[in-house]
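> give me a 3D structure for the following:
(chains A and B)
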Amino acid sequence: METFQALLANKLSDALAKVGLPKVGELTPATDPRFGDYQTNAALVLGKQRGESPKTLAERILACLDAGDICEPPAVAGAGFVNFTLRTDAVERKAGELLLDERLGVATAESKKRIVIDFGSPNVAKPMHVGHIRSIVLGDALARIASFLGHEVIRDNHIGDWGTQFGMVIWGWKNLLDRQALARDPLAEIVRIYKETNQRATSDPQVREACRQELVKLQAGDRENLDIWNECVAFSMQDFEHVYKLLDIHYDIQCGESFYNDRLPATVDRLLKSGIAEISEGAVCVFFRDIPELTDKPCIIRKRDGGFNYATTDLATVDYRINDLKADAVWYVVGAPQVLHFKQIFEIARREGYTADFRHIPFGSILGEDRKLMKTRSGENVPLRELLEEACSRARKIVEEKNPDLSEAEKIDIGQKIGVAAVKYADLSQYRMTDYAFSWDRMLSLHGNTAPYLQNAYVRIRSIFRKAVATPQWGVEAQTGHRPVATADKLTFTDRSEINLAKRLCQFAENVPQVLNDFRPNILANYLFELANSFHTFYESCPVLKSEEPLRSSRLALCDLSGRVLQRGLDLLGIKVPEKM
RNA sequence: GCGCCCGUAGCUCAGCCGGAUAGAGCAACGGAUUUCUAAUCCGUAGGUCGAGUGUUCGAGUCACUCCGGGCGCGCCA
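Predicted coordinates:
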C-alpha cells in the first residue's frame, strides 16, 4: 500500500516525463492547511534551472498530471507552487484499507540491513542515573522502529565492566566492606566502598598504589580478585535488570568491555603492523594528519605503561561487530561529548577497510530546574531507579484523584504505565541534541504534548468500545483477544474533524520511516501528539455511539484506527497504553 | 589555542534535506459540559528567529564573521 505522498510523487514524475522535463523538486506535505494537503516546488526548481516562468511551467505540468482519482484539481499558487487537496472519497477508501492492514500502511524498508545498536551502557559498581536515560530510551525507540521497518536489529549493552575503577572497588572490598550492608543493599554498599576508596586514593599515594596493584592483579587473572569482580558484576546486573524491567527494555547481547579484554593486544598489533598506528612518546597512537580538525588530536590506543584504554576496546568492538556479528550498520547512542572520540574510531575503522555504516547518534544533557546538569541537592547524580519510582508514585496519586473508583491494583498498574511513559515521552518528544530541562509538572501534565495526553486519547477510544461491545449489531464485533475491531464496508466522512482525523491517520506511514533519516523519534512523537489532538477534536464534535448509521460505523472505524495507530506509534517509542486511567 | 553543539513568544520546545504571511504546548485572558472519561475542546493575545554580511526567485534553515551559553581536545571512560 502506497502513501498519498508516494502516489502523488509518482504521478508528478509521470507528468514531468510526459512534458519532457527532468524529475526535480520534491512533493511534501503542505506547510499550511490553506495550501491543501500536499505541495510541490518542482516548477520553481525548473524555472530556476531553465530561466523560464515557474507559473507557466506549473501549468504545463498540470496539463499532463493525471491525479483526478485521489485529489481535487490541483492549483498553482504563490510563485509557482502546485497545491494538492485530497478528495474525501479517496481518504475514505484509504482509511478502509488501513483498517484491514496490520502494519497500518507502513511499508518495510527497501534494503534490509543488520544493525547493531549500542545503547545504555551503564557502568558496573556505579548506580544508573538520569544521565543514562536518554541513551536507553532513544536507543530502544530506534531499535523498535528499525525492526518494525524490517531491519534485523541486534541490541547490544556495552557495559562498563572492566575499567580502572575496579582497582578501587577491589581494594575497598578487601579493606572496607561491611558484609551486613552488602546483604541489605549490595549495590549501595559497593558504591559506598568505591567512593570511600576513591577519596582515600586522592589524598593517600599509598592507597592509590595499592589500588593500582589490585587492578594489575585482576588483569593478570588473579583468582581472588576475579571472584570479587564477578560478584560485583553480578550485583550490578541485578540492579540494571530491575530498571530494565521497569522501563520495558531488553537486550539481545550484553558484551561489556571485559568481553573484549583478550582481543586488545591483537587489535593494537594489527594496527601497528598495517602502519595505521605508530609509537609516539612511548604510547601507541593513531594520527590524522590529513584531516584538518583532527591533526592535533591523535587517538591513543595503548598507553605508555602498556595498558589499554577505551579507544582500544572500542576498536576491538568494531572488529567483533563487523567480523563476527556481520553487521551492515552500527549505531552508537552515546552523548554528544563523545563526538570527537567516535570521529576518530570511525576514521580508524575506515582505514582498516571497514565499509559498514557507522553512526554516532549524539544527544544533549538533562538539566535540572536550575538549568544546570541535573543533580540531587547534595550534588550527586540522581539514581535512575529512584527517579522512575517517583514518576510512578506521582502518576499514581494523580490517578487516585481523577479516578478514585479504580481498584488498588489497577491504580498501581496505571500509575506505572503513566509514570514511565511520562519520563520516556518527555525525552523522546524533544529533538535529541537539545539539552532538556527536567520537570515533573510538565511531563505529568494532562495538557499539552505529554504522554498522559496521548494515553488519554487511547483511553477514551477504549471506553467507547467497552460500551459498544454490548451492542454488536451496531457494526462492532467482539474478536478474540481484548480488541473489538470496527468494520465498515464503506466509510463516510462528512464532518471537518472526521476528514482531518482520517487524513492524519493516513500520514502515519509517511512519518514512521522519516524517524531514521536523522534518528529523530521526536518526529513520530510530534505526529502522535497531532493525531491525539485531531482525535480529541473529532471526539468533541462527533458523537459516535449515539449517531445513526452509516455514520456510526464510520466513526467507530475512525476510533478503531486511531486507537491502533496511537497504540502502535507509542509502542514504537517504547510506551505502553492503559485501558483506563 | 583548536574543534563540536546550542541560541526561535514571558517559560518549555518544534521547524530533517533552503520554500508561501515562522508554529505548538505551558502560563495569561475569554468561551463551551443534562453528552461515548472536561484528564477535553474552541477562541484571543503574545516574535527585529542572538547580531551582521553574503549566496538566490526565495534564508530560522546554507557560507563567513562576531556576541552569548555549554562541552570536548596524548596516556580517565
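> which helix or strand contains A:Cys285?
strand A:283-286 (DSSP states H and E).
> run the contact check for the next helix or strand after that strand versus RNA strand B.
Under the assignment DSSP H and E, the closest C-terminal helix or strand after strand A:283-286 is strand A:299-302. Yes: using C-beta under 7 Å from any atom of the strand, strand A:299-302 reaches RNA strand B at A:Ile300. Using the backbone N, CA and C atoms, a C-beta is placed for each residue, glycine as well.
> touching RNA strand B at all, the following helix or strand past strand A:299-302?
The helix or strand immediately downstream of strand A:299-302 is helix A:310-319, counting by DSSP H and E. Yes: using C-beta under 7 Å from any atom of the strand, helix A:310-319 comes into contact with RNA strand B via A:Tyr310, A:Thr313.
> distance between helix A:310-319 and the chain's centre?
Relative to its parent chain, helix A:310-319 has a centroid offset of 24 Å by C-alpha atoms, centre = their mean, to the nearest Å.
> with stretch A:207-217 instead?
40 Å.
> ditto for stretch A:392-403
27 Å.
> with only the CA atoms kept, save it in PDB.
In PDB, the C-alpha atoms belonging to stretch A:392-403 read as follows (Å, rounded to 0.1, in the frame of the first residue of the first chain):
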ATOM      1  CA  CYS A 392       5.200   6.100  39.100                       C
ATOM      2  CA  SER A 393       4.100   7.200  42.500                       C
ATOM      3  CA  ARG A 394       3.400  10.800  41.300                       C
ATOM      4  CA  ALA A 395       1.300   9.400  38.500                       C
ATOM      5  CA  ARG A 396      -0.500   7.000  40.800                       C
ATOM      6  CA  LYS A 397      -1.500  10.000  43.000                       C
ATOM      7  CA  ILE A 398      -3.000  11.800  40.000                       C
ATOM      8  CA  VAL A 399      -4.900   8.600  39.000                       C
ATOM      9  CA  GLU A 400      -6.200   8.400  42.600                       C
ATOM     10  CA  GLU A 401      -7.500  12.000  42.400                       C
ATOM     11  CA  LYS A 402      -9.100  11.700  38.900                       C
ATOM     12  CA  ASN A 403     -10.500   8.200  39.200                       C
END
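> buried residues, that stretch. List them.
Buried residues in stretch A:392-403, counted by 16 or more other C-beta atoms under 10 Å: A:Cys392, A:Arg394, A:Ala395, A:Arg396, A:Ile398, A:Val399.
> wait, isn't the second one in contact with A:Trp440?
Yes: assessed by C-beta atoms under 8 Å, A:Arg394 is found in contact with A:Trp440 at 6.2 Å.
> helices and strands of chain A: which one has the lowest mean pLDDT?
Using mean pLDDT, DSSP states H and E, strand A:476-477 stands out as the lowest-scoring helix or strand of chain A, at a mean of 44.
> so which helix or strand takes in A:Asp427?
helix A:408-428.
> next helix or strand past that helix?
Assigned by DSSP H and E, the successor of helix A:408-428 is strand A:436-437.
> residue contacts, the residue in chain A that RNA strand B sits nearest to?
Per C-beta to the nearest atom of the strand, the residue of chain A with the smallest distance to RNA strand B is A:Gly448, at 2.0 Å. Residues near A:Gly448 by C-beta atoms under 8 Å, 6 or more residues apart in numbering: A:Arg442.
> and it, what are its phi and psi?
phi 80, psi -170 (degrees, to the nearest 10).
> relative to A:Asn533, how far out is it?
Using C-beta to C-beta, to the nearest Å, we find A:Gly448 at a distance of 10 Å from A:Asn533.
> which strands and helices lie in contact with the helix of greatest length in chain A?
Counting residues, the longest helix found in chain A (DSSP state H) is helix A:223-247. With contacts taken as 3 or more C-beta pairs under 8 Å, 6 or more residues apart in numbering; DSSP states H and E, helix A:223-247 sits against helix A:133-148, helix A:165-176, helix A:186-203, helix A:205-219, helix A:384-402, helix A:408-428.
> average pLDDT for that helix?
Mean per-residue pLDDT for helix A:223-247: 94.
> what lies in contact with whichever helix or strand comes after that helix?
Downstream of helix A:223-247, the first helix or strand assigned by DSSP H and E is helix A:264-273. Residues outside helix A:264-273 that contact it (C-beta under 8 Å, 6+ apart) are A:277-279, A:284, A:286, A:301-302, A:308, A:312-313, A:315-316, A:319, A:348, A:352.
> near RNA strand B, anything from the longest helix of chain A?
No: Helix A:223-247 stays clear of RNA strand B (C-beta under 7 Å from any atom of the strand), getting no nearer than 14.1 Å.
> let me know the outermost residue of chain A.
In chain A, the residue that sits farthest from the middle, by C-alpha atoms, centre = their mean, is A:Gln206; the gap is 46.1 Å.
> what pLDDT does the model give it?
91.
> show me which of the contacts of helix A:264-273 are buried.
Of the contacts of helix A:264-273, these count as buried by 16+ other C-beta under 10 Å: A:277, A:284, A:286, A:301-302, A:308, A:312-313, A:315-316, A:319, A:348, A:352.
> kindly reformat these as CSV containing pLDDT.
Conversion of the buried ones among the contacts of helix A:264-273 to CSV gives the following (pLDDT from 0 to 100):
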residue, pLDDT
A:Ala277, 97
A:Val284, 96
A:Val286, 97
A:Ile301, 96
A:Arg302, 95
A:Phe308, 91
A:Thr312, 96
A:Thr313, 96
A:Leu315, 97
A:Ala316, 97
A:Asp319, 97
A:Ile348, 97
A:Glu352, 95
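> which one of the residues you listed is nearest A:Val216?
Nearest to A:Val216 among the buried ones among the contacts of helix A:264-273 is A:Phe308, at 13.0 Å by C-beta to C-beta.
> so who does the closest one touch?
Applying C-beta under 8 Å, 6+ apart, the residues contacting A:Phe308 are A:Leu264, A:Val268, A:Ile301, A:Arg302.
> chain center to stretch A:292-303: distance?
With C-alpha atoms, centre = their mean, you get 31 Å for stretch A:292-303.
> buried stuff in it?
So, applying 16+ other C-beta under 10 Å, buried residues of stretch A:292-303: A:Leu294, A:Pro298, A:Cys299, A:Ile300, A:Ile301, A:Arg302.
> kindly report the same for stretch A:187-200.
For stretch A:187-200, by 16+ other C-beta under 10 Å, it's A:Leu187, A:Glu189, A:Ile190, A:Val191, A:Arg192, A:Ile193, A:Tyr194, A:Thr197, A:Asn198, A:Arg200.
> quick check, nearest of the residues you listed to A:Ser365?
Using C-beta to C-beta, the buried residues of stretch A:187-200 come closest to A:Ser365 at A:Val191, 21.9 Å.
> quick check: the closest one touching A:Asn123?
No: the criterion here is C-beta under 8 Å, and A:Val191 misses it with A:Asn123 at 10.6 Å.
> can you pull the domain assignment for chain A?
Domain ranges of chain A: A:4-86, A:165-247, A:384-441, A:451-572, per automatic domain parsing.
> poorly predicted segments of the stretch 101-250 of chain A, please.
Filtered on pLDDT under 70, the stretch 101-250 of chain A yields no residues whatsoever.
> where does it come near RNA strand B, residue by residue?
A:Asn123, A:Gly160, A:Gly163, A:Thr164.
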